[in-house]
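1. From the sequence below, what's the structure:
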Amino acid sequence: MQNFKEILWEIGDAGRRMMQINAAEGAAGNISVFLRSLPNMDNRFLQRGIINLPVKTPALSDGWLIVSGSGCRLRDIANNPDITLCLLHIQEGGEFAEIYAAADIQPTSEFNTHLAIHNEQVARRSLSHHAIIHAQPLYLTYLSHLERYSETIAFNRRLLRWQPETILEFPEGIGVLPFLIPSSAELAENTVELLRSHRAVIWRRHGIVTRADTSVRKAGDLVEYAETAAHYEYLNLIAGEPTVGISDFELHLMCERFGIKQPFF
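-> Below you'll find the predicted structure:
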């Protein structure tokens, strides 16, 4: 089991990487990690009392959630975790949480979506660790404005064709949602539903959400794989689409080789 210092390092590293790939401009993007227990928490995080949770999360009862603060820059987490992160000890029943954070820090504006995703995944699969990143990478977000990428099959056929690694990382593809109001209950509900069968979901005209069971850095890797594919697609577009990338036949052979069942090729 990782200790508290290692967990903070991973969150900070993931936040810094989102900035490096132009996926978290200013205070854009948010990160959260659920842990069944939080070993060796240090005293930099001050207990501030009990807060109401915007989403009931019974599956997270007595667990811990580390979540980026509203208005905080992901790139600042590595050097200043105590003024960019909130620690939440979820109380029995999942309606309240004890908050540990700097006096002026509140959880991200997308807090309801993070809570809902964690609760569904933990309840359904009995997880003791689960990480989520929402980022706004340049090329993915731009492509999500174009109508030809608005449908899941078309989106995946175009993005999974550039590197063999992409379909290995997203064997079920990437889910695509229409534009929904940020931080709305509708956005949270639809994201939860798509993440039942995907590890990444595009929020059209907004960005991407990824989830991982192993580490927050893995969730960050998924953002990077998807954004790299989008960058290839963008380069092909501005060059006049001179290539189709890896052919359907080649992708089909590769999927057979690795036992990937997918509806795209």
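2. just the strands in the stretch 51-200 of the chain please.
-> 64-68, 85-90, 96-100, 129-135, 175-177, 200-203 (DSSP state E, counting those that start in this stretch).
3. Show me what the fourth one packs onto, helices and strands only.
-> Here strand 129-135 is seen to pack against helix 4-20, strand 30-35, helix 111-125, strand 207-212, helix 216-238 when contacts are counted using 3 or more CB pairs under 8 Å, 6 or more residues apart in numbering; DSSP states H and E. (Each C-beta comes from the backbone N, C-alpha and C, glycine too.)
4. Skipping adjacent residues, who's closest to His114 in space?
-> Computed as CB to CB, 6 or more residues apart in numbering, the closest residue to His114 that is not its neighbour in sequence is Ser32, at 4.3 Å.
5. ok, the one you found to Asp248 distance?
-> As judged by CB to CB, to the nearest Å, Ser32 and Asp248 stand 37 Å apart.
6. Near Leu253, how many other residues are there?
-> Other residues lying near Leu253 total 13 when counted by other CB atoms under 10 Å.
7. Quick one: low-confidence residue ranges for the stretch 101-250 of the chain.
-> Nowhere does the stretch 101-250 of the chain drop to pLDDT under 70.
8. any chance you could map the helices in the stretch 51-200 of the chain?
-> For the stretch 51-200 of the chain, helices defined by DSSP state H, counting those that start in this stretch occupy the ranges 111-125, 138-143, 152-159, 164-169, 185-195.
9. The residue nearest to Leu87 when sequence neighbours are not counted and Asn43: what is the separation?
-> In space, and not counting its chain neighbours, Leu87 is closest to Tyr100: 4.0 Å by CB to CB, 6+ apart. Relative to Asn43, Tyr100 is positioned 10 Å away (CB to CB).
10. Show me which of those two is the more surrounded one.
-> Of the pair Tyr100 and Asn43, Tyr100 is the one with more neighbours under other CB under 10 Å, namely 23 against 8.
11. Check the gap between the more buried one and Gln47 for me.
-> From Tyr100 to Gln47 the distance is 5 Å (CB to CB).
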